[in-house]
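Trainee: Sharing a sequence plus its predicted fold:
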Amino acid sequence: MIKEDIITQIAADTMTRKVLVEEVVNSFLDNIEKAMVNGDNVIIRGFGTFQTTERKAKVGRNIKAGIPVRIPAHIEPVFKPSEALKKKVYREV
């Protein structure tokens, strides 16, 4: 499912114009992005937490060339699903 599919589904579920739903979805995502850039966590109960985590510098390997590559310390975004979401999605394969 892509963003456009989500917008279409929400518009159908709420009987709201797609243009309005798109503005709301874009604003929602922009606000999550701004919070994470500022180092804040975004917690949505029953869904999960958007947060950042700090990774230490390390040495990786370029597989094609076989040479070591230095990977600098960095901050990256992480999503941790809630227990409720995990239970809904969980199934044995």
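Mentor: Perfect, thanks for sending it.

Trainee: Quickly find the element holding the residue nearest the centre of the chain.
Mentor: Nearest to the mean C-alpha position of the chain, counting by C-alpha atoms, centre = their mean, stands F79 at 5.4 Å. Using DSSP states H and E, F79 sits within strand 74-81.

Trainee: counting contacts, what elements does that strand pack onto?
Mentor: Helices and strands touching strand 74-81, by 3 or more C-beta pairs under 8 Å, 6 or more residues apart in numbering; DSSP states H and E, are strand 48-55. For every residue, glycine as well, the C-beta is placed using N, CA and C.

Trainee: moving C-terminal of the strand it packs on, what's the next helix or strand?
Mentor: Downstream of strand 48-55, the first helix or strand assigned by DSSP H and E is strand 58-62.

Trainee: how far out from the middle of the chain is that following strand?
Mentor: Mean-position distance between strand 58-62 and its chain equals 25 Å (C-alpha atoms, centre = their mean, to the nearest Å).

Trainee: Stretch 33-43 now?
Mentor: That offset, for stretch 33-43, works out to 11 Å (C-alpha atoms, centre = their mean).
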